[in-house]
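please work out how this folds:
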Amino acid sequence: MTLAPSPADLQQPVVRVEGLRILFPSLDGSDTVKAVDGVDFEIRPAETFGIIGESGSGKSTIGRALVGLLDATEGVVELDGRTLNAIPRRERRKARQSYQIVFQDPHAALNPRMTLMESLTEPLRIRGGVSEDEMRRKAQESMERVGLRAEMLGRYPHELSGGQKQRANIARLLPLNPRLIVCDEVVAALDVSIRGEVLNLFADLQRDFGIAYAFIAHDIAVVAQVSDRIAVTYLGRFMEVGPAEAVTERPMHPYTTALLSAEPRPLPAHLREARRIDLKGEIPSPVDPPSGCRFRTRCPWAQERCKAEVPEWRELRPDHYVACHFASPDGIQAPMAAAAGD
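So this is what the prediction gives:
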(Lines give C-alpha, C1' and ligand atoms only; values in the text may rest on other atoms or scores of the structure.)
Protein backbone atom coordinates (compact mmCIF):
# COMPACT_ATOMS: atom_id res chain seq x y z
CA MET A 1 0.00 0.00 0.00
CA THR A 2 1.16 3.53 -0.74
CA LEU A 3 1.63 6.38 1.69
CA ALA A 4 0.23 9.90 1.43
CA PRO A 5 0.99 11.70 -1.86
CA SER A 6 4.27 13.55 -2.27
CA PRO A 7 4.39 17.32 -2.91
CA ALA A 8 4.90 16.58 -6.61
CA ASP A 9 1.68 14.57 -6.71
CA LEU A 10 -0.24 17.50 -5.20
CA GLN A 11 0.58 19.79 -8.12
CA GLN A 12 -2.19 18.51 -10.40
CA PRO A 13 -5.71 17.23 -9.78
CA VAL A 14 -6.35 13.51 -9.64
CA VAL A 15 -9.37 13.99 -11.90
CA ARG A 16 -10.33 16.87 -14.19
CA VAL A 17 -13.68 16.92 -15.96
CA GLU A 18 -14.58 19.47 -18.64
CA GLY A 19 -17.85 19.73 -20.57
CA LEU A 20 -18.93 16.20 -19.66
CA ARG A 21 -22.09 15.02 -21.42
CA ILE A 22 -23.46 11.47 -21.26
CA LEU A 23 -26.46 10.70 -23.43
CA PHE A 24 -28.50 7.50 -23.66
CA PRO A 25 -31.12 6.46 -26.20
CA SER A 26 -34.62 6.06 -24.80
CA LEU A 27 -36.15 2.59 -24.59
CA ASP A 28 -37.94 2.95 -27.92
CA GLY A 29 -34.96 4.70 -29.52
CA SER A 30 -36.97 7.77 -30.49
CA ASP A 31 -35.44 10.20 -27.99
CA THR A 32 -32.19 10.93 -26.16
CA VAL A 33 -31.88 10.93 -22.37
CA LYS A 34 -29.53 13.70 -21.23
CA ALA A 35 -28.25 11.99 -18.09
CA VAL A 36 -25.30 14.38 -17.70
CA ASP A 37 -25.45 17.54 -19.73
CA GLY A 38 -22.33 19.64 -19.29
CA VAL A 39 -20.43 19.59 -15.99
CA ASP A 40 -16.95 20.84 -15.15
CA PHE A 41 -14.96 20.09 -12.00
CA GLU A 42 -11.75 18.67 -10.64
CA ILE A 43 -10.88 16.52 -7.64
CA ARG A 44 -7.66 17.28 -5.86
CA PRO A 45 -5.34 14.76 -4.17
CA ALA A 46 -6.55 13.65 -0.73
CA GLU A 47 -9.79 15.62 -1.22
CA THR A 48 -13.36 14.44 -0.74
CA PHE A 49 -15.61 15.90 -3.44
CA GLY A 50 -19.27 15.40 -2.53
CA ILE A 51 -21.96 15.12 -5.20
CA ILE A 52 -25.57 15.36 -4.03
CA GLY A 53 -28.96 15.52 -5.70
CA GLU A 54 -32.29 13.78 -6.05
CA SER A 55 -32.68 10.42 -7.75
CA GLY A 56 -32.34 10.93 -11.50
CA SER A 57 -30.08 13.96 -11.20
CA GLY A 58 -27.15 12.19 -12.89
CA LYS A 59 -24.79 11.91 -9.93
CA SER A 60 -24.19 8.15 -10.20
CA THR A 61 -23.68 8.46 -13.95
CA ILE A 62 -20.93 11.01 -13.28
CA GLY A 63 -19.31 8.60 -10.84
CA ARG A 64 -19.27 5.75 -13.34
CA ALA A 65 -17.71 8.00 -15.96
CA LEU A 66 -14.88 8.90 -13.56
CA VAL A 67 -13.74 5.27 -13.38
CA GLY A 68 -14.31 4.43 -17.03
CA LEU A 69 -17.45 2.32 -16.61
CA LEU A 70 -19.24 4.73 -18.95
CA ASP A 71 -17.74 6.59 -21.90
CA ALA A 72 -18.33 10.31 -22.27
CA THR A 73 -20.56 11.25 -25.19
CA GLU A 74 -18.87 14.63 -25.23
CA GLY A 75 -16.29 16.36 -23.07
CA VAL A 76 -13.07 15.35 -21.36
CA VAL A 77 -12.31 13.13 -18.36
CA GLU A 78 -8.65 13.38 -17.39
CA LEU A 79 -7.04 10.98 -14.92
CA ASP A 80 -3.76 12.37 -13.61
CA GLY A 81 -3.44 14.52 -16.71
CA ARG A 82 -4.26 11.74 -19.22
CA THR A 83 -7.51 11.88 -21.17
CA LEU A 84 -9.30 8.60 -20.46
CA ASN A 85 -10.68 8.06 -23.97
CA ALA A 86 -7.26 8.80 -25.49
CA ILE A 87 -5.50 6.05 -23.53
CA PRO A 88 -4.94 3.01 -25.80
CA ARG A 89 -7.20 0.12 -24.84
CA ARG A 90 -4.24 -2.09 -23.95
CA GLU A 91 -3.10 0.49 -21.41
CA ARG A 92 -6.52 1.53 -20.18
CA ARG A 93 -7.01 -1.45 -17.85
CA LYS A 94 -3.71 -0.69 -16.14
CA ALA A 95 -4.51 3.02 -15.85
CA ARG A 96 -7.95 2.32 -14.39
CA GLN A 97 -6.50 0.31 -11.51
CA SER A 98 -5.87 3.60 -9.71
CA TYR A 99 -9.52 4.68 -10.08
CA GLN A 100 -11.98 2.43 -8.29
CA ILE A 101 -15.61 2.44 -7.19
CA VAL A 102 -17.55 1.12 -4.18
CA PHE A 103 -21.20 0.48 -5.01
CA GLN A 104 -24.31 1.09 -2.93
CA ASP A 105 -25.35 -2.56 -2.53
CA PRO A 106 -22.62 -4.46 -0.65
CA HIS A 107 -24.47 -7.76 -1.18
CA ALA A 108 -24.52 -7.59 -4.98
CA ALA A 109 -20.91 -6.40 -5.21
CA LEU A 110 -19.48 -9.71 -3.94
CA ASN A 111 -19.68 -12.98 -5.88
CA PRO A 112 -21.70 -15.40 -3.70
CA ARG A 113 -19.71 -18.36 -5.11
CA MET A 114 -16.34 -16.95 -4.02
CA THR A 115 -14.78 -16.78 -0.57
CA LEU A 116 -13.47 -13.45 0.62
CA MET A 117 -9.94 -14.65 -0.08
CA GLU A 118 -10.88 -15.36 -3.69
CA SER A 119 -12.66 -12.00 -4.02
CA LEU A 120 -9.78 -10.02 -2.54
CA THR A 121 -7.08 -11.73 -4.58
CA GLU A 122 -9.02 -11.60 -7.88
CA PRO A 123 -7.97 -8.00 -8.76
CA LEU A 124 -4.32 -8.85 -8.14
CA ARG A 125 -4.64 -12.02 -10.18
CA ILE A 126 -6.07 -10.04 -13.08
CA ARG A 127 -3.28 -7.48 -12.82
CA GLY A 128 -0.64 -10.20 -12.76
CA GLY A 129 2.98 -10.11 -11.67
CA VAL A 130 2.22 -11.09 -8.06
CA SER A 131 2.88 -14.52 -6.52
CA GLU A 132 0.15 -16.49 -4.82
CA ASP A 133 1.78 -16.03 -1.41
CA GLU A 134 2.07 -12.28 -1.96
CA MET A 135 -1.59 -12.04 -2.99
CA ARG A 136 -2.68 -13.85 0.15
CA ARG A 137 -0.49 -11.64 2.32
CA LYS A 138 -1.94 -8.48 0.79
CA ALA A 139 -5.47 -9.81 1.26
CA GLN A 140 -4.79 -10.42 4.95
CA GLU A 141 -3.28 -6.96 5.38
CA SER A 142 -6.26 -5.34 3.68
CA MET A 143 -8.77 -7.22 5.81
CA GLU A 144 -7.06 -6.14 9.01
CA ARG A 145 -6.76 -2.57 7.73
CA VAL A 146 -10.54 -2.26 7.33
CA GLY A 147 -11.24 -3.79 10.72
CA LEU A 148 -12.01 -7.41 9.77
CA ARG A 149 -10.23 -10.47 11.14
CA ALA A 150 -7.95 -12.29 8.69
CA GLU A 151 -9.58 -15.63 9.53
CA MET A 152 -12.80 -14.35 7.89
CA LEU A 153 -11.13 -14.72 4.49
CA GLY A 154 -12.42 -18.29 4.29
CA ARG A 155 -16.05 -17.18 4.59
CA TYR A 156 -18.61 -16.65 1.85
CA PRO A 157 -20.59 -13.39 1.51
CA HIS A 158 -23.78 -14.86 2.97
CA GLU A 159 -21.89 -15.45 6.22
CA LEU A 160 -21.24 -11.71 6.68
CA SER A 161 -23.36 -8.79 7.83
CA GLY A 162 -24.01 -5.84 5.53
CA GLY A 163 -21.38 -3.72 7.23
CA GLN A 164 -18.79 -6.51 7.00
CA LYS A 165 -19.52 -6.95 3.29
CA GLN A 166 -19.00 -3.26 2.62
CA ARG A 167 -15.71 -3.34 4.53
CA ALA A 168 -14.68 -6.34 2.41
CA ASN A 169 -15.53 -4.38 -0.74
CA ILE A 170 -13.26 -1.58 0.45
CA ALA A 171 -10.50 -4.04 1.38
CA ARG A 172 -10.60 -5.48 -2.14
CA LEU A 173 -9.49 -2.11 -3.55
CA LEU A 174 -6.58 -1.35 -1.24
CA PRO A 175 -3.93 -3.67 -2.80
CA LEU A 176 -4.40 -1.75 -6.07
CA ASN A 177 -3.19 1.48 -4.39
CA PRO A 178 -6.10 3.61 -5.65
CA ARG A 179 -5.64 7.32 -6.23
CA LEU A 180 -9.41 7.91 -6.40
CA ILE A 181 -12.36 5.95 -5.04
CA VAL A 182 -15.88 6.77 -6.16
CA CYS A 183 -18.20 6.12 -3.22
CA ASP A 184 -21.67 5.64 -4.72
CA GLU A 185 -24.21 5.74 -1.86
CA VAL A 186 -21.84 3.53 0.12
CA VAL A 187 -23.69 3.81 3.44
CA ALA A 188 -27.28 4.05 2.16
CA ALA A 189 -27.93 0.29 2.59
CA LEU A 190 -26.30 0.05 6.02
CA ASP A 191 -27.81 0.27 9.49
CA VAL A 192 -27.51 3.71 11.06
CA SER A 193 -25.28 2.27 13.80
CA ILE A 194 -22.78 1.04 11.17
CA ARG A 195 -22.71 4.11 8.94
CA GLY A 196 -20.49 6.14 11.24
CA GLU A 197 -17.93 3.34 11.46
CA VAL A 198 -17.69 3.02 7.68
CA LEU A 199 -17.40 6.80 7.22
CA ASN A 200 -14.64 6.89 9.83
CA LEU A 201 -12.86 4.10 7.96
CA PHE A 202 -12.88 6.16 4.76
CA ALA A 203 -11.44 9.12 6.69
CA ASP A 204 -8.67 6.96 8.16
CA LEU A 205 -7.71 5.56 4.75
CA GLN A 206 -7.61 9.05 3.28
CA ARG A 207 -5.34 10.27 6.08
CA ASP A 208 -2.97 7.31 5.78
CA PHE A 209 -2.82 6.87 2.00
CA GLY A 210 -3.86 10.24 0.53
CA ILE A 211 -6.82 8.77 -1.39
CA ALA A 212 -9.21 11.18 -3.09
CA TYR A 213 -12.95 10.45 -2.96
CA ALA A 214 -15.93 11.33 -5.11
CA PHE A 215 -18.64 10.86 -2.49
CA ILE A 216 -22.07 10.47 -4.08
CA ALA A 217 -25.23 10.54 -1.95
CA HIS A 218 -28.72 11.99 -1.71
CA ASP A 219 -28.32 12.66 2.03
CA ILE A 220 -26.87 16.15 2.30
CA ALA A 221 -26.09 15.71 6.01
CA VAL A 222 -23.81 12.72 5.32
CA VAL A 223 -22.10 14.48 2.42
CA ALA A 224 -21.54 17.62 4.50
CA GLN A 225 -19.94 15.53 7.24
CA VAL A 226 -17.26 13.96 5.03
CA SER A 227 -16.68 16.38 2.14
CA ASP A 228 -14.21 19.19 1.54
CA ARG A 229 -16.26 20.54 -1.38
CA ILE A 230 -19.81 19.81 -2.50
CA ALA A 231 -21.47 19.87 -5.92
CA VAL A 232 -25.27 20.13 -5.96
CA THR A 233 -26.65 18.33 -9.03
CA TYR A 234 -30.02 18.78 -10.70
CA LEU A 235 -31.16 17.22 -13.97
CA GLY A 236 -27.67 16.53 -15.28
CA ARG A 237 -26.08 19.86 -14.36
CA PHE A 238 -24.40 21.42 -11.36
CA MET A 239 -26.40 24.14 -9.63
CA GLU A 240 -23.81 25.05 -7.00
CA VAL A 241 -20.24 24.00 -6.15
CA GLY A 242 -18.24 25.22 -3.20
CA PRO A 243 -16.60 24.47 0.13
CA ALA A 244 -18.75 22.11 2.19
CA GLU A 245 -19.30 24.50 5.07
CA ALA A 246 -20.22 27.40 2.79
CA VAL A 247 -22.65 25.34 0.71
CA THR A 248 -24.44 23.89 3.74
CA GLU A 249 -24.38 26.95 5.99
CA ARG A 250 -24.75 29.76 3.44
CA PRO A 251 -26.25 28.30 0.24
CA MET A 252 -26.67 30.61 -2.73
CA HIS A 253 -28.89 28.48 -5.00
CA PRO A 254 -32.64 27.92 -4.40
CA TYR A 255 -32.29 24.17 -4.96
CA THR A 256 -29.56 23.86 -2.32
CA THR A 257 -31.67 25.94 0.05
CA ALA A 258 -34.66 23.65 -0.52
CA LEU A 259 -32.61 20.49 0.09
CA LEU A 260 -31.24 21.89 3.34
CA SER A 261 -34.68 23.00 4.50
CA ALA A 262 -35.91 19.40 4.21
CA GLU A 263 -33.21 18.05 6.54
CA PRO A 264 -34.62 16.99 9.94
CA ARG A 265 -33.26 18.97 12.87
CA PRO A 266 -32.77 17.40 16.34
CA LEU A 267 -34.62 20.14 18.20
CA PRO A 268 -37.88 20.27 20.18
CA ALA A 269 -40.85 21.37 18.10
CA HIS A 270 -41.11 24.79 19.76
CA LEU A 271 -37.48 25.60 18.83
CA ARG A 272 -37.69 24.64 15.17
CA GLU A 273 -38.03 27.36 12.57
CA ALA A 274 -40.77 27.03 9.95
CA ARG A 275 -38.21 27.10 7.21
CA ARG A 276 -39.05 24.15 4.96
CA ILE A 277 -39.34 24.94 1.26
CA ASP A 278 -41.68 22.53 -0.50
CA LEU A 279 -40.70 21.73 -4.06
CA LYS A 280 -43.79 21.18 -6.18
CA GLY A 281 -43.94 18.27 -8.59
CA GLU A 282 -41.34 15.77 -9.70
CA ILE A 283 -37.96 16.33 -11.33
CA PRO A 284 -38.62 16.90 -15.08
CA SER A 285 -37.69 14.32 -17.67
CA PRO A 286 -34.06 14.38 -18.83
CA VAL A 287 -35.37 13.64 -22.32
CA ASP A 288 -36.84 17.16 -22.61
CA PRO A 289 -35.46 19.37 -19.82
CA PRO A 290 -36.94 22.86 -19.27
CA SER A 291 -35.52 25.81 -21.17
CA GLY A 292 -33.39 28.39 -19.43
CA CYS A 293 -32.78 27.36 -15.83
CA ARG A 294 -33.58 23.68 -15.41
CA PHE A 295 -34.80 24.21 -11.87
CA ARG A 296 -37.28 26.97 -12.75
CA THR A 297 -40.37 24.71 -12.96
CA ARG A 298 -40.04 23.93 -9.25
CA CYS A 299 -38.33 27.09 -7.98
CA PRO A 300 -40.36 29.43 -5.72
CA TRP A 301 -38.16 32.36 -6.84
CA ALA A 302 -38.50 31.77 -10.61
CA GLN A 303 -39.11 34.74 -12.91
CA GLU A 304 -39.71 35.06 -16.66
CA ARG A 305 -35.98 35.60 -17.13
CA CYS A 306 -35.36 32.08 -15.79
CA LYS A 307 -37.42 30.65 -18.65
CA ALA A 308 -35.60 32.60 -21.34
CA GLU A 309 -31.95 32.55 -20.22
CA VAL A 310 -29.59 29.83 -19.05
CA PRO A 311 -27.98 31.13 -15.83
CA GLU A 312 -24.32 32.02 -16.08
CA TRP A 313 -21.87 30.00 -13.98
CA ARG A 314 -20.47 32.59 -11.53
CA GLU A 315 -17.91 32.59 -8.72
CA LEU A 316 -19.57 34.75 -6.06
CA ARG A 317 -17.34 33.71 -3.15
CA PRO A 318 -13.81 32.27 -3.20
CA ASP A 319 -14.04 28.81 -4.86
CA HIS A 320 -17.85 28.97 -4.53
CA TYR A 321 -19.77 28.86 -7.82
CA VAL A 322 -23.49 29.05 -8.57
CA ALA A 323 -25.78 28.97 -11.61
CA CYS A 324 -28.67 31.29 -10.69
CA HIS A 325 -29.67 34.71 -12.04
CA PHE A 326 -30.59 35.99 -8.59
CA ALA A 327 -27.84 34.49 -6.46
CA SER A 328 -25.57 36.83 -4.50
CA PRO A 329 -22.86 36.36 -1.86
CA ASP A 330 -25.59 36.99 0.72
CA GLY A 331 -27.99 34.41 -0.69
CA ILE A 332 -30.92 34.67 -3.10
CA GLN A 333 -31.90 38.23 -4.02
CA ALA A 334 -35.23 37.86 -5.80
CA PRO A 335 -38.89 38.39 -4.81
CA MET A 336 -41.00 35.31 -4.18
CA ALA A 337 -43.01 34.41 -7.26
CA ALA A 338 -44.78 31.48 -8.84
CA ALA A 339 -42.44 29.23 -10.81
CA ALA A 340 -42.22 30.15 -14.48
CA GLY A 341 -44.23 27.63 -16.48
CA ASP A 342 -43.18 25.61 -19.51
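
what about the strands in the stretch 1-150 of the chain?
15-25, 32-43, 48-52, 74-79, 82-83, 99-102 (DSSP state E, counting those that start in this stretch).

quickly find the element holding residue 231.
Using DSSP states H and E, residue 231 sits in strand 229-234.

coming back round to it: so for residue 217, which of the strands of the stretch 1-150 of the chain sits nearest?
Closest approach to residue 217 among the strands of the stretch 1-150 of the chain is made by strand 48-52 (6.0 Å; C-beta to C-beta). Backbone N, C-alpha and C define where each C-beta goes, glycine included.

ok, residue 133 - contacts?
By C-beta atoms under 8 Å, 6 or more residues apart in numbering, the contact set of residue 133 is empty.

and it, how far from residue 209?
Using C-beta to C-beta, to the nearest Å, residue 133 is found at 23 Å from residue 209.

again with residue 160
Distance of residue 160 to residue 209, computed by C-beta to C-beta: 24 Å.

for the residue positioned nearest the centre of the chain, what are its contacts?
Central residue of the chain (C-alpha atoms, centre = their mean): residue 216, 2.7 Å from the mean position. Contact analysis of residue 216 by C-beta under 8 Å, 6+ apart lists 50-52, 59-60, 62-63, 182-185.

secondary structure element for it?
strand 212-217.

and the contacts of the helix or strand that that strand is followed by?
Using DSSP H and E, the helix or strand that follows strand 212-217 in sequence is helix 220-226. By C-beta under 8 Å, 6+ apart, the list of residues contacting helix 220-226 from outside reads 48, 50-52, 187, 195, 199, 202-203, 213, 215, 217, 230, 244-245, 247-248, 259-260, 263.

shaky segments in the stretch 151-300 of the chain?
Low-confidence segments of the stretch 151-300 of the chain (pLDDT under 70): 263-276.

just the helices in it please.
If DSSP state H, counting those that start in this stretch is used as the criterion, the helices of the stretch 151-300 of the chain fall at 162-173, 192-209, 220-226, 244-249, 254-261.

quick one: which of the ones you listed is nearest residue 137?
The nearest among the helices of the stretch 151-300 of the chain, by C-beta to C-beta, is helix 162-173 at 13.2 Å.

in the closest one, what's buried?
163-173 (16 or more other C-beta atoms under 10 Å).

what's the closest non-adjacent residue to residue 57?
residue 233 (4.4 Å; C-beta to C-beta, 6 or more residues apart in numbering).

my bad, residue 95
residue 87 (5.4 Å).

coming back round to it: could you dump the helices of the stretch 151-300 of the chain into JSON lines and include distance to residue 98?
Shown next, in JSON lines, are these (distance: least, C-beta to C-beta, whole Å):
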{"stretch": "helix 162-173", "distance to residue 98": "10"}
{"stretch": "helix 192-209", "distance to residue 98": "12"}
{"stretch": "helix 220-226", "distance to residue 98": "21"}
{"stretch": "helix 244-249", "distance to residue 98": "25"}
{"stretch": "helix 254-261", "distance to residue 98": "32"}
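
which of those helices sits closest to residue 298?
Residue 298 lies closest, by C-beta to C-beta, to one member of those: helix 254-261, at 8.1 Å.

that closest one: how far from the chain's middle?
From the chain centre to the centre of helix 254-261 is a distance of 18 Å (C-alpha atoms, centre = their mean, to the nearest Å).

that one to strand 48-52, inter-axis angle?
Comparing the axes of helix 254-261 and strand 48-52 via axes from the mean of the first three to the mean of the last three C-alpha atoms, to 10 degrees yields an angle of 90 degrees.

hmm, residue 239 is touching residue 295, no?
Yes: contact criterion C-beta atoms under 8 Å: residue 239 and residue 295 qualify, at 6.5 Å.
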